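[1] Here is a sequence together with a model predicted from it:
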Amino acid sequence: MNISIICVGRLKEKYWVDACREYSKRLNGICGFSIIEVDEERIADSPNEANISSTLEKEGRRLLAAVPKGAAVIAMCIEGRQKSSQALAAQIEELALGGISSIAFIIGGSWGLSDEVKSAARIRLSMSEMTFPHQLARVMLCEQIYRAFQINSGTKYHK
């Protein structure tokens, strides 16, 4: 199984980078794992709806262009369905058993994801009704993917 997290922007703080690096190291022992960062679109400090829409479209095209061929797309968005760790593990296993060998989780920028990205997604997933910084969401998603693989392999990581 190959797993990608495709996200807008770069991690700046060392502690976020270190956390993602640790989960990447753990995951690469289990599956093919990569984090793909696409450029964040510059936008005015007080954008109007047209500016936001244009930003979402441009970032959306970059995100979709980075999706590996044949990957099942999972959009991380507020409209998505919340799942338990066990349900995410089951979803990953179900995709694998259905012949899917590549999954791309997509995290948008501060304005979210374009409708085009959401429409391309096989699954829309939400972490919580709460709002998190995108950098933290990336770390949380890395951990949940690692946890899903641990659940599916029956280890004691998930108690």
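    Looks like it arrived, so ask away. Residues are numbered from 1 along each chain as shown.

[2] which element is the closest residue to Ile151 other than its chain neighbours on?
    In space, and not counting its chain neighbours, Ile151 is closest to Ala89: 3.9 Å by CB to CB, 6 or more residues apart in numbering. C-beta: built from backbone N, CA, C; applies to glycine. Assigning secondary structure by DSSP states H and E places Ala89 in helix 85-97.

[3] now swap in Val117 and tell me
    For Val117, the element it lies in under DSSP H and E is helix 115-120.

[4] Moving C-terminal from that helix, which element do we reach first?
    With secondary structure assigned by DSSP H and E, helix 115-120 is succeeded by strand 123-126.

[5] Show me where this structure dips below the pLDDT cut-off.
    159 (pLDDT under 70).

[6] For burial, what's the neighbour tally of Ser84?
    8 (other CB atoms under 10 Å).

[7] ugh, wrong one, Met127
    19.

[8] Next, give phi and psi for it.
    Backbone torsions of Met127, given as degrees, to the nearest 10, read phi -80, psi -30.

[9] can you check Ile30 too?
    Backbone torsions of Ile30, given as degrees, to the nearest 10, read phi -110, psi -40.

[10] just to revisit the earlier point, need the contact list for the residue nearest to Ile151.
    Under the criterion of CB atoms under 8 Å, 6 or more residues apart in numbering, the contact list for Ala89 reads Arg147, Ala148, Phe149, Ile151, Asn152.

[11] Looking at those residues, which are in strands?
    Counting by DSSP state E, the contacts of Ala89 place none of their members in strands.

[12] a markdown table please, covering these and showing distance to Ser102.
    Below are the contacts of Ala89 laid out as a markdown table (distance: CB to CB, whole Å):
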| residue | distance to Ser102 |
| --- | --- |
| Arg147 | 20 |
| Ala148 | 15 |
| Phe149 | 15 |
| Ile151 | 20 |
| Asn152 | 16 |
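
[13] Most widely separated two among the residues you listed?
    Arg147 and Asn152 (9.7 Å; CB to CB).

[14] for the helix holding Val117, the distance to its chain's centre please.
    14 Å (CA atoms, centre = their mean, to the nearest Å).
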